[in-house]
Structures are given as structure tokens and as C-alpha cells.
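# From the sequence below, what's the structure:
(one chain, ligands or ions: 1)
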Amino acid sequence: MNIMKTIEEGIFPSDLNNMKPEELEQLCSMLRKKIINTVSETGGHLASNLGIIELTVALHKVFNAPRDKIVWDVGHQTYVHKMLTGRGNRFESLRQKDGLSGFPKRDESEYDTFDSGHSSNSISVALGMAVARDREGLNNSVVAVIGDGAMTGGMAFEALNNAGDMNTDIIIVLNDNAMSISKNRGGLSKHLAKLRTSDRYKKLKTGLKSGLGKIPGVGQGVTKGLSTMRDMVKYLIVPGIMFEEMGLTYMGPVDGHNVAEMVEALEAAKRAGGPVLVHCITQKGRGYSLSENSPEKYHGVGPFNTEIGIESNVDNPKTFSEVFGSKLCAMATRDNRITVVTAAMTDGTGLSRFARQFPEKIYDVGIAEEHAVSFAAGMALCGMRPFVAIYSTFLQRAYDQILMDVCMQNLPVIFAIDRAGIVGEDGETHQGIFDLSYLMHMPNLTILAPSDGAELRRMMDYAMIVDGPVAIRYPKGKASMPEESISVTRVPEQIGPEVRVEGEDLTVLAVGKMTRRCIKAAEALKEKGISVEVIDVRKVKPLDTEVIERSARKTHHIITVEDNVTSGGFGSEVEDLAENFGFAVKIKKIGWPDEFIPHGKQKELEEQYGLDALGLARRFARASGKVKASVTETKPEGEEK
Ligand SMILES: Cc1ncc(C[n+]2csc(CCOP(=O)(O)OP(=O)(O)O)c2C)c(N)n1
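Residues are numbered from 1 along each chain as shown. As a prediction, this is how the structure comes out:
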């Protein structure tokens, strides 16, 4: 058959049934090509998907989806799954607005069993599905596919602990490429490395299991009966089979790039019953030499030329992450109390240089945001000044640890909250638009939001002199670096609001990156006779009320603008504040609506929701009452009518 044509027309799992081994191989290489070509145009998670092609083909050959449930951990590795479940014809729309999501989405396909994006929850979800199946008296398989990186997350351990205790049928496919985004860290990854090299054990064990399982009438019972012998073997050859000790049957390791071997192992796992873990060895970035050689660099990519690969753009302005990383290097040179904690995101949070320069001051704790925060609390309690660098969306995991272990005890932990605000193409699960809402109400916490790179640097210095926890939130993307501020080296004694544009009609309180576009909007409105005062808030909490009150007394009209949902965010804080002004003031909150914002380019989403400079200018104009909204002008989405 013409496989390429089939991918385009829509291939389904049942199509795999009749494919010969060589056709399956051909299919895998076609899928590989399609992924490289498409991701080079759209951007996306390249290396992870190249490494899971054969494994995905084997999964769909053995299991009968959507009746059998496959739950993908993180979900960034589902491009092949999407193409094998009838979405090949739309694959070029990957991550584009209104196109295919880069993650599983239940409303995109019945084959996507669960919306994912945040790691380490697949076993919990699959276990819940397995229990529901048992209670309904059904007999479908439930499979969780989880990477060795995601397996470092606490939730995965909690679920394994529970699964080992339950004896319900569930298959956990561990996709072990020895990489998280960067090289995987921690005791578990060392344990897996030992298992990877235990060839003799592998042959003994999979041979025993699958061989016996194939004989009619001899299955589970006999296989289980071998546990004593297996126990002997494992203790002789591989010390400490952690999964078996937790009550799971461990199978493998299996070559995750060998479809036939994978099919055999998955069939055997199905027959074994109970909680089974199939350990598959794969190579991240497989089949594209550039990503094989630098899987970390090709984990998540923007568009690139497939011949040349990703080019480093040294001439371009730095991102906020890079400003953070290089400033932290400078600070750590001078101050030995500084350490930094990352939850498997050294590169993403701009800390690659720091890791090279100060390997003894950086702690990559794995995908373990909760642990990262309490770990930092311990360090802070004993005299260190730890920075915790985590994306806004992933820090959600550590709400309780921030509140109880850090804020309640007023410990000087500094949270570097990267990717705060809309991030774009990664969609709902990655938009960092909730952090102000989950942090504003935490007592003792100082919250700062820089509008450019220079402010970020100053805020990092300032955070060091605050007697208590500080959160600095900054967005994805380039950080402008105003010339005059680069040379400022003295430590700022205070960070507070600054009037950036003076005006009479409206007071605009702008948070972080929204400041520059509010200034633009104000300047455009000047020509229309609308006078907008723009204040760069800088310190979101505790609010420095003097400047704000003075402006509000003049305009009697405040508009808050934040790259966060309006509900429970900065605007709500201002509403509370204004109640004590003792004079009437109208308040309008601008930010993201009370919704999950889907994928698309940052710019497209901001335009759609009226959060770009033009949209803001229109909204300020309407609010001023000086310009009647034209009948045809559409209101941005989420805006109250
Ligand atoms: C809670 C959480 N923290 C961080 C991330 C960011 N992240 C996405 S993929 C990934 C690495 C996953 O490694 P692994 O599970 O081994 O999959 P691989 O990409 O290597 O196939 C990380 C850290 C996330 N998705 N969720």
C-alpha cells in the first residue's frame, strides 16, 4: 500500500493489523520524515516524538483503542499517536491556532483519553480508569505511557505505590531514554541505568514470561508461580528491583525501537495481569542525526531548517530567561549564599551557563516542583538564599509548599517564575495565567513583575534584601534592555510604582510586560484627545498605594492590565484597595477571562482577546467615554458586554 498516502488520508489502528513487518518498518520511517518536516515548520517537541515512533506503532498494534485506553504522560510525545488515529491529514496544522493541539485533547479525538501537559499523573489517571472498568465489569486494557523523566515526579511514585497494592490489571509502559529534557537525574535514573545494562536478566525474564504465556492453558498462574525462581534470579543478577518490591511485575528491558520485540512484550504484559511495568529502552531524537546528538536542544523547538538545524541567534536581544540566568551568575560570583533549584528545566529557565559555571550551586531535583520548594525552604532556613526557577504553570503543583513551608515561615526563598502570562503554542496546560491569582493571597509574600530586562535585574538584587519570600514573575520572550538602566549597579532600596506616562482621564495600572503596550496605547490615544496616565506597578504585592491613590484622585477611573486571569488577580487586589480611598473611583479589570486559553501564537491570542496595544487602546478609549464604540467594532473575547 502507499503508506504516505494513507497517513495523509487518515490511518487508523486497525490498518496496522494486516501490515507485514517490513511495511511497519516503512511506516515508521514515513512517520519519522513527516514529523521532522512538519515540526521544522510548526515548531514542537521533536526529539521526544522521534524516540517513540516504534513504541507507538507497537502499542496501537497490540491494543484496541479507543476501547483499550492509552493514557500519555505529559502528552508531548503523541504526534505518532495522532497520525495513527486518523489525524495525519491535519498534522500540518499542529500547534497552530484552531489546528491540532501539540498535546492529547479529548475534544480533538476519541482516541485521546485524557488532556495532559503536566507530567507524572498518567499512572494515577490510568489506575482510576482501571478501577472504573472493574466496577463496571468490563475487560478493556488500560495503559499508561510514561517517560523516565516523568517517572521522577512524586505523583508517579504515589500512583505506583497504590497500583502495587491493588492488583488490578494495568500496564505501565516506561519509555526510558535516559533523558528528561536534559540528562535525567536522581536515584531512580541510576536504578534504571543498572536495569538497562542487565542483559542476562532480560533474556531470562522476558523469555520465561512470554514463552510460557503463549502455551494455551498455561498463563498467569504458572508465570506467577515462578516468582520464587525469578526472585532468586533478580537478586543474583540485579540488585533491588524497585518496581517488584512495590508489588508490580517488572518486564524488560525491551528494545523500544524493535516493533516485533515491543509487540511481544506488550502481549506478554497483557497476559500477565495485575499491575505490570514494561521497561522499554529508546533513544531520544532517533533517526535525525542533529537531534540524536543534541536531544536536549531538540526537545522543544521553534521552526528551523532541517539541513542546518537550530541556529543560535546570538545577535538577537536576550530573553527574560537569559537575563535571569546571566544576572544570577553575576550574583553567585559575589554571594556564596546563593543557590538555585530547578525542576528538570535547567535550559528552559536560562540556567545552562550557571550550571556550567557553578555546578555545585545548582540543584536539578527532577520533575518535582513540590519537593523543589520545600527543599529550598530548608536551605533558606539554614542561611542560604535559594532561587527556585520554575515556569508559572508548573509551580501550580507546589501551592501548598509555597504557602505553608515558605510563606507561613517567612523564609527568604526567591521564586523566579518564568513563562508567566500567555505562552502560546503549547496551549491550555502551559499558559502561565494563574500565578498572580494563586499567589496574591499568600501572607508575607512580595510579588514583583518586571516590564523589561533591566527591571528584572534590579528586582533580583532587591529580592536579596527583602526579609522574607519574594516571587518575581516574568514572561516568555525577549526582554528589552533600556540602555540607561544597564549600567545601574547599586542595589535598589525600594521597588515601587512609577508613572511612565502622565494623564488626566484614566489611570492605567500596568503589570510587567503589559506596561510597554499600555504606554503605546496611551501615546496613540493622546492624538485623539484622550489622556491616559500609565503606571508601571512593578511591585504587585504589597502594593505601594501612594502613587496609585494620587493618580486615582485625579482621574477617578482605574484600569488594571495584567497578563493573568482577571479573577483573583492584581485587579481584584486593587478593587479591595480602592474601597479605602474615601472617594469614588471606577475600576475596570483587563486580563485573561475566566477560561482556559487554547493554543495559538502569543500575538494571535493577544489580538483575539484585546490584549495587544491596539486592543488596549480601543478598550481604554471606550472606558474613557470620550469615543463611542462604533457599532461594527467587535469586543474582545471574554470582555463583559
Ligand atoms: C509538572 C511538570 N513539570 C515540568 C514539565 C516540563 N517537561 C515537559 S517534558 C519534560 C521531560 C519529560 O521527560 P520524559 O518523561 O523522560 O519524556 P521524554 O521527553 O524524554 O520522552 C519536562 C520536564 C511538565 N510538563 N510538567
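
# The stretch 51-200 of the chain: strands as residue ranges?
69-72, 142-147, 170-176 (DSSP state E, counting those that start in this stretch).

# can you redo those strands as TSV with mean neighbour count?
Yep, even glycine has a C-beta here, placed from its N, CA and C like the rest. Formatted as TSV, those follow (neighbours: other Cβ atoms under 10 Å):
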stretch	mean neighbour count
strand 69-72	26
strand 142-147	28
strand 170-176	28
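
# closest to the ligand out of the ones you listed?
Counting by Cβ to the nearest ligand atom, the ligand lies closest to strand 142-147 out of these; the figure is 2.2 Å.

# Can you show me the CA trace of that closest one as CSV?
Extracted C-alpha coordinates of strand 142-147, given in CSV (Å, rounded to 0.1, in the frame of the first residue of the first chain):
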residue,chain,number,x,y,z
VAL,A,142,-5.6,0.4,30.4
VAL,A,143,-2.1,1.5,29.6
ALA,A,144,-0.1,4.4,31.0
VAL,A,145,2.8,5.5,28.8
ILE,A,146,5.3,7.4,30.9
GLY,A,147,8.9,8.6,30.4
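
# Can you point out the buried residues in the helix ranked longest in the chain?
Using DSSP state H to define each element, the chain has its longest helix at helix 21-42. Buried residues in helix 21-42, counted by 16 or more other Cβ atoms under 10 Å: 24, 27-28, 30-32, 34-36, 38-40, 42.

# do stretch 356-367 as well
358, 361-367.

# cool, and stretch 606-620?
Residues of stretch 606-620 classed as buried: 606-613, 615-620 (neighbour count, 16+ other Cβ under 10 Å).

# Excluding sequence neighbours, find me the nearest residue to E9.
Excluding the flanking residues, the one nearest E9 by Cβ to Cβ, 6 or more residues apart in numbering is N89, at 6.5 Å.

# Please work out how many residues are found near the one you found.
If you count neighbours by other Cβ atoms under 10 Å, N89 ends up with 13.

# Count the neighbours of E579 for me.
9.

# How far off centre is stretch 555-568?
Stretch 555-568 sits 26 Å away from the centroid of its parent chain (Cα atoms, centre = their mean, to the nearest Å).

# rewinding a little: can you give me every residue that contacts the residue nearest to E9?
8-10 (Cβ atoms under 8 Å, 6 or more residues apart in numbering).

# Show the contacting residues for the closest residue to the ligand within the stretch 151-300 of the chain.
Nearest residue of the stretch 151-300 of the chain to the ligand (Cβ to the nearest ligand atom) works out as S180 at 4.2 Å. When contacts are counted by Cβ under 8 Å, 6+ apart, S180 touches 147-150, 152, 344, 366-367.

# and these as CSV, adding distance to the ligand and pLDDT?
Shown next, in CSV, are the contacts of S180 (distance: Cβ to the nearest ligand atom, whole Å; pLDDT from 0 to 100):
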residue, distance to the ligand, pLDDT
G147, 2, 97
D148, 5, 95
G149, 2, 96
A150, 3, 97
T152, 8, 94
A344, 4, 96
G366, 8, 96
I367, 5, 97
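
# before we move on, back to that, turn the strands of the stretch 51-200 of the chain into JSON lines, columns for distance to D400.
Supplementary listing: those in JSON lines, determined by distance: least, Cβ to Cβ, whole Å:
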{"stretch": "strand 69-72", "distance to D400": "25"}
{"stretch": "strand 142-147", "distance to D400": "24"}
{"stretch": "strand 170-176", "distance to D400": "27"}
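
# could you dump the contacts of S180 to TSV with distance to P469?
Formatted as TSV, those follow (distance: Cβ to Cβ, whole Å):
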residue	distance to P469
G147	32
D148	32
G149	28
A150	28
T152	25
A344	22
G366	23
I367	23
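
# Check whether stretch 475-484 comes near the ligand.
No - contact of stretch 475-484 with the ligand (Cβ under 6 Å from any ligand atom) is absent, the minimum separation being 13.6 Å.

# which residues are contacting that stretch?
Outside stretch 475-484, the residues that touch it by Cβ under 8 Å, 6+ apart are 316-320, 322-323, 418-424, 432, 450, 452-454, 456, 512-513, 516, 563, 602.

# Only the buried members of those: can you turn that into a ChimeraX selection?
Selection command for ChimeraX covering only the buried members of the contacts of stretch 475-484, criterion 16+ other Cβ under 10 Å:
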select :318,319,320,322,323,418,419,420,421,422,423,424,432,450,452,453,454,456,512,513,516,563,602
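
# Go through the strands of the stretch 51-200 of the chain and name the closest to V508.
Ranking the strands of the stretch 51-200 of the chain by proximity to V508 (Cβ to Cβ) places strand 69-72 first, at 42.9 Å.

# how about the CA coordinates for the closest one, as PDB?
What follows is strand 69-72 as a C-alpha-only set of coordinates in PDB (Å, rounded to 0.1, in the frame of the first residue of the first chain):
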ATOM      1  CA  LYS A  69      -7.400   3.200  27.000                       C
ATOM      2  CA  ILE A  70      -3.900   4.600  26.400                       C
ATOM      3  CA  VAL A  71      -3.000   7.500  28.800                       C
ATOM      4  CA  TRP A  72       0.000   9.500  27.700                       C
END
